[in-house]
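J.: 3D, please:
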Amino acid sequence: MVFLWPSLLWLLLLLPLLVLLYLWLLHRRKATALPYPALALVRQAMGAGHVWRRHVPPLLFLLGLAALLLAAARPLAVLRLPSEQQTIILVMDVSGSMRATDVLPDRLTAAQNAAKAFIKELPRHVRVGVVAFAGTAQLAQLPTQSHEDLIKAIDSFQLQRGTATGNGIMVALATLFPDAGIDIAALGGRQAMRVQPIDEISRPDPAKPTFTPVAPGSYRSAAVIMLTDGQRTTGVDPLEAAQWAADRGVRVYTVGVGTVAGELIGFEGWSMRVRLDEDTLKAVALRTNAEYFHAATAQDLHKVYETLSSRLTVETKETEVSALLALLGALLVLVAAGVSVWWFGRVL
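T.: This next block holds a predicted model:
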């Protein structure tokens, strides 16, 4: 345990002095007591319990005082507490490659089912937004606490051509930071395989103060979960988009759906082999101080979302517990006084 004011721990030396004072008072009382032969019979009748009961209130008082002195030193403890993150943006791939059946019944359906289960398990105070991306990215649902609206948005997904993973991240950031100057409309108008420069996406207001990057992962109010097969074919470079997120402290957790070997699929008269681009997804997660998860089956995907739910709604952090110790100390002192009055008709 760490203490913010460790110098106050010297006050704990008062406790041995109080114990010595208590023992001295007992000895003095015994030395000054007048001998009455009949008292031995009274003590014998009362039993041995009466002897130790007189020490209980002072012991409780001493423990309460110790707790109060420890509270004064402002201790810190590592506790699991509800997370401060209030907004989660789900960025979901709806490109044609998500029709692959290496994850049954297919990648898109498995992703939809897992996302809906994830939403149902979240606390009601957590706001969730949904971004869908293929060749372009669009906000399918503004951040909301309504699970019904979120499920309706996820059920309405339609497969499209192209995979613009970077655009999905940028739209998520634009949703979280509406004043950051990210032009969402400009993201959807780029031709395949052309990378839009970041300075074209952001059009900051000259009157606003200069943006100062923060430490990756330091933004505790929101997080992004991107689910995709990871093969970008158009739009913003996902690593550039990840750098935008990192500079704003937003963690981007990436979930790779499908097998590494991939599968040959056909769509509207064309066919292609779709493979999971794990390297890019790992790099995005690493750059934003988040984590990458691989889901090769529908069961894996559900487990990934369960893990993310526990990570994003509960966090382990160092917290000051002086108030709890002070409350414990006060209760022990009150119990000591109450027991003393109940048993002996006096306060300690």
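J.: I'd guessed Val126 sits against Gln145; true?
T.: Yes. Shown here, Val126 and Gln145 form a contact pair, counting by C-beta atoms under 8 Å, at 7.3 Å. For glycine as for every other residue, the C-beta is placed from the backbone atoms N, C-alpha and C.
J.: Any idea how far apart the tips of stretch 3-23 sit?
T.: 31 Å (C-alpha to C-alpha, to the nearest Å).
J.: Distance from it to the middle of the chain?
T.: 37 Å (C-alpha atoms, centre = their mean, to the nearest Å).
J.: same thing with stretch 292-304?
T.: 20 Å.
J.: Tell me which of Val126 and Gln145 has more neighbours.
T.: Val126 (18 against 14; other C-beta atoms under 10 Å).
J.: Could you list the residues in contact with the longest helix anywhere in the chain?
T.: Longest helix of the chain, by residue count under DSSP state H: helix 322-344. Applying C-beta atoms under 8 Å, 6 or more residues apart in numbering, the external contacts of helix 322-344 come out as 53-54, 56-61, 63-68, 70-75, 346-348.
J.: Just the buried residues of these.
T.: 57-58, 60-61, 63-68, 70-75 (16 or more other C-beta atoms under 10 Å).
J.: Give me the mean pLDDT for stretch 7-25.
T.: For stretch 7-25, the mean per-residue pLDDT is 87.
J.: what's it in contact with?
T.: Contacts of stretch 7-25 (C-beta under 8 Å, 6+ apart): 3, 58, 62, 65-66, 69-70, 72-73.
J.: For that stretch, buried residues please.
T.: Neighbour-count burial for stretch 7-25 [16+ other C-beta under 10 Å]: Tyr22.
J.: And the buried ones among the contacts of helix 322-344, which two are furthest apart?
T.: Within the buried ones among the contacts of helix 322-344, Pro57 and Arg74 form the most distant pair, 28.4 Å apart (C-beta to C-beta).
J.: average model confidence for stretch 244-260?
T.: Averaging pLDDT along stretch 244-260 yields 90.
J.: Return the set of buried residues in that stretch.
T.: 244-259.
J.: how about low-confidence regions in the stretch 201-348 of the chain?
T.: By pLDDT under 70, the weakly predicted segments of the stretch 201-348 of the chain are 201-209, 230, 260-274, 313-317, 348.
J.: Please repeat the previous calculation with a cut-off of 50.
T.: By pLDDT under 50, the low-scoring segments of the stretch 201-348 of the chain are 201.
J.: excluding its backbone neighbours, what's nearest Leu68?
T.: Gly329 (3.6 Å; C-beta to C-beta, 6 or more residues apart in numbering).
J.: Please flag which of the buried residues of stretch 244-260 sit within strands.
T.: Residues of the buried residues of stretch 244-260 located in strands (DSSP state E): 251-257.
J.: Out of the residues you listed, which is nearest to Ile89?
T.: After measuring those against Ile89 - C-beta to C-beta - the closest member comes out as Val252, at 9.3 Å.
J.: Could you verify my assumption that that closest one touches Asn289?
T.: No. The pair Val252 / Asn289 is not scored as a contact, 9.2 Å apart, by C-beta under 8 Å.
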